[in-house]
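**Q** Could you look at this predicted model? Sequence included:
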Amino acid sequence: MKKTHFLQTLYLQKPLILILLIAALSTLPWLGLGDFYTKGEPREAALAISMIEKGEWIIPSNYADEFAYKPPLNHWLISGFSLALNGGEVTPFTSRLPSALAFIAMIGVSFMFFARRRPILESFIACLIVITCFEIHRAAMTTRVDMLLTFFLVAGTIQLYTWSEKRRFGQLVSAWILLSMATLVKGPVGIVLPCLVFGTLLLTQKVNFFRAVGKCVIVALPALLIPLVWYYAAYQVQGDAFFDKVFAENFGRFLRMDTETLGTDYNLGVENPWYYYPFILLAGFLPWTILLVISLFFIKYTKPQGGFKAICIKCFNKIMAMDKVLLFSFIAIVIPLLFFTIPASKRSTYIMLVYPFISIFIARFFIYLAEMKPKAIRISTLILVGICVLMVLVVGLAYAGIINIEEISHSFSKRERTLRDIKIFSDLFQNPGWIGLFGITILILAIGNSIYLLKRKMNVKVLMAGFGVMLAINIFMDSFLLPTFKNTYSPRHFAEYISDKYELKDNTYVMNNLLEYKNLYGLNFYLGNNFKNFEKEQPDSGFFIIMIESIDDIKEKYKEKYEFIQLESSDKFNENKDHMLLFKLKRKQMLAN
């Protein structure tokens, strides 16, 4: 007997709560344990500082005269959490919180969508794959717009599918809102991509092409209304400079237009070849890529019958004969991958939308392996258990003084950065503290549970044990290893030192030309987002900060105008991997007078 919608919802409550708790445990407790140590996170977080302290809620400024041309929903959320939870102070925790909550929400939405239409075990395992895979977990712990965008894209695309099933106006309204929010995170892609997936689904259901286009228009136009209000307000603030940046970001990048054609200093971003995404997916799904590779040795292969054309037709017919949910998931994989293959700029985070939909297919395959080829599951779990055992042994032996990791490292590496990294962990293992002991305890529990289940013929539980081991590894990393590593390479220490010693408010200048100089986004954040553009301001006096690699060029360029008196130098262990220098600068005319 088919359950009613209400009874089905009650039936799914316990696994839904469990999967949400697992997603929350893997992220929320560890968000604020490490400082910013890369360029991307403090660059985003500094925009929230401008919103709160300068009232720049439409287009916040960042790093001297740089302004944000991307929509601000993520920064609004960071600002809101900072005001509500921390008295208006923007911190790594409040900055990363939108990403973590978006990740948890995406897991919940994905589970409910699949669990109502597919077996619960299949849906549960698919969500565990997403929770523990490398790419999604990393994005959930990071101050970037990508995880928030992924949630709205996944939820919006799913809601369009739901609307196509039941035709309820409320579902269409919620789809409009979700797509509007996606657009307010990163631009028109938030509407275009879900509509492409939805339109392709309609075509596979033999809907007339023009009718399918009409339905996509019904979805897209109302979803544009809210974002257009912000775009209009932003244009009023920055004018043509904003329009040029928006055009370059959303159309120039997609069409591979160069800087000269665009008429602006926009950079297309990280360029990668057309075959980039298949390889990045293999890396992004680690450690489960290992199980997929192991399974290749346990599957029987048969030679395809017929020629290439016949094989293609057969594959196409099999795809079209899929269960509707699986067909939809397949479309939600293929369309984004094709879409993001077109631009020259390609990043692993662009395609995070496809992870929940790929995971449902991987989950089906893992269940098959557990039932039919259990050795593959057991080998994969044993590998993860072996990694855990190695971690526990290394920490235990270092803590007991039996091995000295730092001394051992000198025998196989002379690279300064590598030796520095090993020293960080060597010192940490010798003084783990209570949080280190907690992380080690989690690993030991995961090891014990896995060994217990491996001794018994409960193959699905062995698979679940593998997820438990990977969850334990992530917790160990996020609670114990990574915070110390991040703090060591954070510019916060240098920022606190120079801000205590010198009055740097409203009189600190930097170069802001990425084509020639490196921007110090981390230092800017920890100094309160108060940098000014030296080339444009041309001050009579003040403080000047620059990377050591650029100071000779600066002194030569301005030798007739300014005197640079060095005050401080950081160590080279920061986001730009070299010394940051603080100078007192004075205009030479002032000195003459």
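**A** Done, it's in.
**Q** Show the residue spans covered by the strands in this protein.
**A** All strands of the chain, identified by DSSP state E, fall at 61-62, 66-67, 508-510, 532-533, 541-547, 562-569, 580-587.
**Q** out of those strands, deepest packed?
**A** Of the strands of the chain, the one with the most neighbours on average (mean count of other CB atoms under 10 Å) is strand 508-510, at a mean of 24. For glycine as for every other residue, the C-beta is placed from the backbone atoms N, C-alpha and C.
**Q** Strand partners (parallel or antiparallel) of that one?
**A** strand 532-533 (parallel), strand 541-547 (parallel) (DSSP bridges).
**Q** For Phe366, find the nearest of those strands.
**A** Ranking the strands paired with strand 508-510 by proximity to Phe366 (CB to CB) places strand 541-547 first, at 47.8 Å.
**Q** What's the local residue count around Gln305?
**A** Using other CB atoms under 10 Å, Gln305 is surrounded by 8 other residues.
**Q** Let me see the contact set for it.
**A** Ile311 (CB atoms under 8 Å, 6 or more residues apart in numbering).
**Q** Format the strands paired with strand 508-510 as JSON lines; extra columns: mean pLDDT and distance to Trp288.
**A** Formatted as JSON lines, these follow (pLDDT from 0 to 100; distance: least, CB to CB, whole Å):
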{"stretch": "strand 532-533", "mean pLDDT": "92", "distance to Trp288": "47"}
{"stretch": "strand 541-547", "mean pLDDT": "93", "distance to Trp288": "40"}
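**Q** Just send those strands back as JSON lines, with distance to Asp571 too.
**A** Converted to JSON lines, the strands paired with strand 508-510 look like this (distance: least, CB to CB, whole Å):
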{"stretch": "strand 532-533", "distance to Asp571": "25"}
{"stretch": "strand 541-547", "distance to Asp571": "13"}
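**Q** most residues in a single helix of the chain, which one?
**A** helix 209-238 (DSSP state H).
**Q** Tell me the buried residues in it?
**A** Across helix 209-238, burial judged by 16 or more other CB atoms under 10 Å covers 212, 215-216, 219-220, 222-224, 227, 230-231, 234-235, 238.
**Q** same deal with stretch 339-350?
**A** Residues of stretch 339-350 classed as buried: 339-341, 343-350 (neighbour count, 16+ other CB under 10 Å).
**Q** Would you mind listing the residues in contact with Ser99?
**A** Contacts of Ser99 by CB under 8 Å, 6+ apart are 139-144, 146-148.
**Q** again but with Ala175, I slipped
**A** Ala175 sits next to 156, 159-160, 163, 194, 219, 223 when contact means CB under 8 Å, 6+ apart.
**Q** how many other residues sit next to the residue lying closest to it once chain neighbours are set aside?
**A** Spatially, and ignoring its direct neighbours in sequence, Ala175 is nearest to Gln159 (4.2 Å; CB to CB, 6 or more residues apart in numbering). Gln159 has 24 neighbours, counted by other CB under 10 Å.
**Q** ok, now Tyr517?
**A** By the measure other CB under 10 Å, the count of residues near Tyr517 is 17.
**Q** Ramachandran coordinates for it?
**A** Phi and psi for Tyr517, reported as degrees, to the nearest 10, are phi -130, psi 160.
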